[in-house]
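A.B. asks: Provided below for reference: sequence and predicted model.
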Amino acid sequence: VKYTILKKLEEHFPHYVSGEAISEMLGVSRTAIWKHINELRKEGYIIESSSKKGYRLQVLPDVLNVHEIKKGLETRILGREIECFESISSTNTYAKEIAQKGCKDGTVVVANCQTQGRGRLGRQWNSEPGKGIWMSVVLKPEILPQDIQIITLAAAVAVVKAIKAATGIETGIKWPNDIILDGKKLCGILTEMICEMERINCLILGIGINVNHDMSDFPPDLSDKAISLKMYIDQKNNADKSIENMPVRRSEIIKNVLNELEILYREINNGNVTKIANEWKKYSVTIGSRVKVVIKEIEYTGTAIDITDDGKLVVRCDDGVTREILSGEISVRGILGYV
Ligand code: BT5
C-alpha cells in the first residue's frame with residue numbers, strides 16, 4: 001500500500017492529491033494513509049501535507065531503493081534480484097560472495113555508500129555516500145575468459161546510452177573502461193571473473209557513476225580529474241543562478257543501464273560481439289587521438305586507430321609498427337590532457 005500511495009503522488013507530481021481521493025482509490029482509512037506517508041518520509045521522500053489539499057511530493061526524490069529501481073524496469077534477466085544496501089564495503093566484493101553461493105544470472109547489488117570501493121589494480125574508488133551509483137551486476141555470459149573485455153565494452157556503451165536517455169547528456173568512452181564528460185572521469189568500470197577450468201563461471205561487473213556530487217564532495221586529488229552529472233548540469237545553468245536544479249535520480253539511471261545492458265548482454269550470448277565493438281566505437285573518445293602506451297617498460301607514442309572485437313586497442317605507433325594493446329598490460333595516457 002505504501003508504494004501504491006507513492007505511485008499516486010508521483011503520477012500527480014507536483015500537484016496535491018487529497019487524502020480522501022487516496023483513501024477511496026485504495027480502500028484504506030485516512031489514518032492508515034497518514035501512517036504510510038510518515039513511513040515514506042522516513043525513507044527520505046519529502047512529502048508536504050495540507051489539511052485542505054492533501055499530500056504532494058515536493059521534489060521527485062533521489063531515493064535509492066529496490067522499489068525505485070524496479071519501477072519501469074524492462075529487463076527479464078538483469079535485476080530480477082536486486083539487493084540495495086545503505087552502506088557496504090564494496091558492491092563487487094559482496095556480489096562475488098553471493099555469486100559463489102550461486103545467485104541468479106543478472107543479480108544486481110546497489111549501495112548508497114561504499115567504505116572500500118575498489119578500482120582496478122588495487123586502486124581506490126571514491127564512493128561518496130548518497131551521491132553516486134555504486135553497483136555490481138552478476139553475469140554468467142557464454143564467453144571464454146579471454147573475451148571478458150567485451151563485457152566491459154558493453155557496459156560502457158550501456159552507461160553512455162543510459163545517461164543520454166535519463167538526462168540528455170552526451171558522454172564519451174575512454175579506452176578501456178572510463179566514461180568521460182567534459183574531459184573528466186564520470187564513471188569507472190571494474191570487471192572481475194570467477195573462473196573454473198578454463199571457463200567463466202561468473203563475472204562481476206562493477207559500475208561507479210558520479211551523479212549528485214558537488215566539486216567539494218571529491219577529495220583534492222580528484223578535483224581536477226573527476227566530474228559528476230550535477231556538476232555538469234550546474235555549469236550549464238551557470239548563467240541563471242536562480243534555477244534550483246533538481247537532483248538527478250540515480251534510480252532512473254540504474255534502470256536505464258540495466259535496460260540497455262540487457263540488450264547488449266543478449267547480443268553477446270548470441271555471439272554478436274562485432275556489434276558491441278561497433279557501438280563502442282561510436283562513443284569512443286580514444287580512437288583518433290594521440291596516445292602514449294607503455295609495453296614492457298618501453299614507451300611508444302602513436303595514434304589509436306581501432307578496437308578489435310575482443311576489446312584490444314589498435315595503435316599505429318610512430319615507429320611504423322601497428323600494435324594491439326590489451327588492457328591491464330599497459331597504461332594508455334592521452335598526450336593532451338586526461339583524455
Ligand atoms: C575504475 O578503476 O575506474 C573502476 C571503478 C569501479 C567502481 C565500482 S563502484 C561499484 C563497484 N564496487 C567497487 O568496489 N568498485 C566498483 P581504475 O580505472 O583503476 O580507476 C581508479 C582511479 O580513478 C583512481 O586511482 C582515481 O584516480 C580515480 N577515481 C577514484 N574515484 C573516483 C571517482 N569517484 N570519480 C572519478 N575518478 C575516480
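C.D. replies: Perfect, thanks for sending it. Residues are numbered from 1 along each chain as shown.
A.B. asks: Could you list the buried residues of the helix or strand where residue 32 lies?
C.D. replies: Per DSSP states H and E: residue 32 is located in helix 30-42. Buried positions in helix 30-42, judged by neighbour count with 16 or more other CB atoms under 10 Å: 32-33, 36-37, 40. To be clear about C-beta, it is placed using only N, CA and C from the backbone, and glycine gets the same treatment.
A.B. asks: just these now: which is nearest the ligand?
C.D. replies: Nearest to the ligand out of these is residue 40 (CB to the nearest ligand atom; 27.2 Å).
A.B. asks: ok now do that closest one, which residues does it touch?
C.D. replies: Contact analysis of residue 40 by CB atoms under 8 Å, 6 or more residues apart in numbering lists 2, 5-6, 47.
A.B. asks: Which of those residues sits closest to the ligand?
C.D. replies: Closest to the ligand, out of all of the contacts of residue 40 and judged by CB to the nearest ligand atom, is residue 6, at 26.8 Å.
A.B. asks: Against residue 82, how distant is residue 254?
C.D. replies: Distance, residue 254 to residue 82, using CB to CB, to the nearest Å: 9 Å.
A.B. asks: Check residue 105 too.
C.D. replies: In terms of CB to CB, residue 105 sits 14 Å off from residue 82.
A.B. asks: number of nearby residues for residue 121?
C.D. replies: 8 (other CB atoms under 10 Å).
A.B. asks: For the ligand, see how far away it is.
C.D. replies: 6 Å (CB to the nearest ligand atom, to the nearest Å).
A.B. asks: Residue 189 too?
C.D. replies: 6 Å.
A.B. asks: just residue 222 next, same as before
C.D. replies: Computed as CB to the nearest ligand atom, the residue 222 to the ligand distance reads 5 Å.
A.B. asks: How is the nearest residue to that residue once chain neighbours are set aside classified with respect to secondary structure?
C.D. replies: Counting by CB to CB, 6 or more residues apart in numbering, residue 222 lies nearest to residue 126, which is 6.1 Å off, once chain neighbours are set aside. With DSSP: H, G, I helix; E, B strand; the rest coil as the basis, residue 126 sits in coil.
A.B. asks: picking up where we left off before, of residue 254 and residue 82, who's got more company?
C.D. replies: Counted by other CB under 10 Å, residue 254 and residue 82 do not tie: residue 254 has more neighbours, with 26 against 21.
A.B. asks: So in terms of bridging, what pairs with the residue in the chain that the ligand sits nearest to?
C.D. replies: Here the chain gets closest to the ligand at one residue, residue 188, 2.0 Å apart by CB to the nearest ligand atom. Residue 188 has these beta-bridge partners by DSSP bridges: residue 178, residue 208.
A.B. asks: Counting neighbours, what do you get for it?
C.D. replies: The burial count for residue 188: 22, using other CB under 10 Å.
A.B. asks: Checking my notes, residue 14 in a helix, right?
C.D. replies: No. Assignment of residue 14 by three-state DSSP gives coil, placing it outside any helix.
A.B. asks: ok, so what distance separates it from residue 5?
C.D. replies: Residue 14 is 16 Å from residue 5, where distance means CB to CB.
A.B. asks: Between those two, which has more neighbouring residues?
C.D. replies: residue 5 (23 against 11).
A.B. asks: Now for that one: which residues touch it?
C.D. replies: Residue 5 touches 22, 26, 33, 36-37, 40, counting by CB under 8 Å, 6+ apart.
A.B. asks: Strands of the stretch 151-300 of the chain, residue ranges please.
C.D. replies: 172-174, 178-181, 184-196, 199-210, 290-295, 298-307 (DSSP state E, counting those that start in this stretch).
A.B. asks: Need the pLDDT of residue 270.
C.D. replies: Predicted confidence (pLDDT) for residue 270: 93.
A.B. asks: residue contacts, it?
C.D. replies: Residue 270 neighbours (CB under 8 Å, 6+ apart): none.
A.B. asks: The closest residue to residue 28 other than its chain neighbours and residue 275, how far apart?
C.D. replies: Closest residue to residue 28 apart from its sequence neighbours, by CB to CB, 6+ apart: residue 1 at 6.1 Å. Applying CB to CB, the value for residue 1 to residue 275 is 44 Å.
A.B. asks: More neighbours: those two, which one.
C.D. replies: In terms of neighbours (other CB under 10 Å), residue 275 is the more surrounded of residue 1 and residue 275; the figures are 16 against 13.
A.B. asks: ok so, going back, what about the residue nearest to residue 222, how many neighbours?
C.D. replies: Residues near residue 126, counting by other CB under 10 Å: 19.
A.B. asks: Spell out which parts of this protein neighbour the ligand.
C.D. replies: 90-92, 114, 117-121, 123, 125-126, 134-136, 177-178, 185, 188-190, 206-208, 210, 222, 226 (CB under 6 Å from any ligand atom).
A.B. asks: Weed out the non-buried ones from those.
C.D. replies: 90-92, 114, 117-118, 120, 125-126, 134-136, 177-178, 185, 188-190, 206-208, 210, 222, 226.
A.B. asks: List of residues touching stretch 44-57?
C.D. replies: 6, 9-10, 12-22, 33, 37, 40-41, 58-59, 61, 63.
A.B. asks: Excluding sequence neighbours, find me the nearest residue to residue 85.
C.D. replies: Using CB to CB, 6+ apart, the closest residue to residue 85 is residue 111 (4.3 Å).
A.B. asks: Name all residues that make contact with that neighbour.
C.D. replies: For residue 111, the residues meeting the contact criterion (CB under 8 Å, 6+ apart) are 84-88, 91, 127, 134-135.
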